[in-house]
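take a look and give me a structure for this.
(one chain, ligands or ions: 1)
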Amino acid sequence: MGGDLLTDLTELGEFGLIARVSRGLARRQVAPAAGAIRTAIGDDAALLAPPPGYEVVATADALVETVHFRRDWSSAADIGWKALAANVSDLGAMGAEPLAALVTVALPPHTELKWLDAFYVGLGECAAAYGCPVVGGDTVRAPFHVALSVTALGTVPEGQAVHRRGARVGDCVCVTGVLGDSGGGLALLEKGVVRRPPGHHRAVLGWHRRPQPPVAAGAALARAGVVTAMMDLSDGLASDVQHLCRESRVGIRVQAERLPISDAARRTAGELGVEPTHWALHGGEDYQMLFTVPAARMSEIPALLGPLGVVATRIGTVTARGIEIADVGGAPRPLHPLGFAHFRENAPGSR
Ligand SMILES: [Mg+2]
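This next block holds a predicted model:
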């Protein structure tokens, strides 16, 4: 019903489409960082010039409709936002600042042109928010579902990138922001969308649909040289922490009561009869930074992140081995990942 069909894109032609997309993006994206982007859309390829003394960080993510998102649960603009946000989150986790992104969209023939336009609106808003202009990509036809591929490039001063491998026994384990909002938002969507959700539902749905990874915080932590290891939280703390421990050859003990959980997530969890720590540990798509800091340097963190409006919470300690969680006064027990993979099985729209 109504709306243009993607078949119209054939009439629009490749050049018409490129012009349309780049016009739409140009309205939203900030001007490229001084001189770093020599040419963007319009040539056969984008030409980038990272500042001297910087290294390039590259990351890619693919998102497939029904596996990673549902078009009836998220607007096209939200999907565009999140596709890029998930990638800049990985840049921040390396301590990098965003430079540019390439975005490829595969669309089934019945997709409305309106959907595509809105997708680029959300994408452009995220590009502007993070200073990560889209400098190229492709739009192609897909048989059944929408599929997206985003590649993001960032820069980090030579030798200052942060890896997952540097955590040392005795380091403090910290996370930025709160955990579990996205898991709460997904749980609400699985229950069925309510037309006028109350404020606390809007809050958790908001983070699920438009996460705002603290990329600048990752870069600031790297620049200050205070973190020994860092990664972003995309699959859920219980799952992600396994990677950090494996790379660093250490263990971690998490104090359950220290997990930062928003009031909105707590209230939502209470209503759904879910333990809120379940979302904080296993919900996934938090897009917060997980990092380790030597105890002696913990006091530097608030002054580094405060000006960026980011709060970090110490949630545990790096140990010699074992990945455990402990309640107040309770004996530690193994922290097994259920992670996003678990959610994926009952994933949005999977049959
Ligand atoms: Mg990551």
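
so what does the residue of the stretch 151-300 of the chain found nearest the ion look like in phi/psi?
Here the stretch 151-300 of the chain gets closest to the ion at one residue, residue 232, 4.4 Å apart by C-beta to the ion. Backbone N, C-alpha and C define where each C-beta goes, glycine included. For residue 232, the backbone dihedrals are phi -100, psi 160 (criterion: degrees, to the nearest 10).

pull the residues that contact stretch 324-332.
251, 252, 253, 254, 255, 256, 257, 281, 322, 333, 334, 335 (C-beta atoms under 8 Å, 6 or more residues apart in numbering).

let's have the residues you listed in TSV, adding distance to residue 69.
Output for those, formatted as TSV (distance: C-beta to C-beta, whole Å):
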residue	distance to residue 69
251	34
252	30
253	34
254	29
255	33
256	30
257	33
281	22
322	35
333	34
334	32
335	28
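
re earlier: which one is the residue of the stretch 151-300 of the chain closest to the ion nearest to, not counting chain neighbours?
Nearest residue to residue 232, sequence neighbours excluded (C-beta to C-beta, 6 or more residues apart in numbering): residue 93, at 3.9 Å.

hmm, the helix or strand harbouring residue 57 touching the ion?
Secondary structure assignment for residue 57, by DSSP states H and E: strand 54-64. No. Residues of strand 54-64 are not located near the ion by C-beta under 5 Å from the ion, the shortest gap being 7.6 Å.

quick one: whichever helix or strand comes after that strand to strand 54-64, angle?
Sequence-wise, the next helix or strand downstream of strand 54-64 (DSSP H and E) is helix 76-93. Angle of helix 76-93 versus strand 54-64, following axes from the mean of the first three to the mean of the last three C-alpha atoms, to 10 degrees, is 140 degrees.

which other helices and strands contact helix 76-93?
Applying 3 or more C-beta pairs under 8 Å, 6 or more residues apart in numbering; DSSP states H and E, we find helix 76-93 packed against strand 54-64, strand 97-107, helix 113-130, strand 147-157, helix 199-209, helix 215-224, strand 229-232.

any chance of TSV for these, columns mean pLDDT?
Putting the helices and strands packed on helix 76-93 into TSV (pLDDT from 0 to 100) gives the following:
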stretch	mean pLDDT
strand 54-64	95
strand 97-107	93
helix 113-130	92
strand 147-157	96
helix 199-209	96
helix 215-224	98
strand 229-232	98
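
Throw those into a markdown table and include mean neighbour count and distance to residue 308, thanks.
Shown next, in a markdown table, are the helices and strands packed on helix 76-93 (neighbours: other C-beta atoms under 10 Å; distance: least, C-beta to C-beta, whole Å):
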| stretch | mean neighbour count | distance to residue 308 |
| --- | --- | --- |
| strand 54-64 | 16 | 19 |
| strand 97-107 | 23 | 13 |
| helix 113-130 | 22 | 13 |
| strand 147-157 | 22 | 17 |
| helix 199-209 | 20 | 18 |
| helix 215-224 | 23 | 5 |
| strand 229-232 | 24 | 15 |
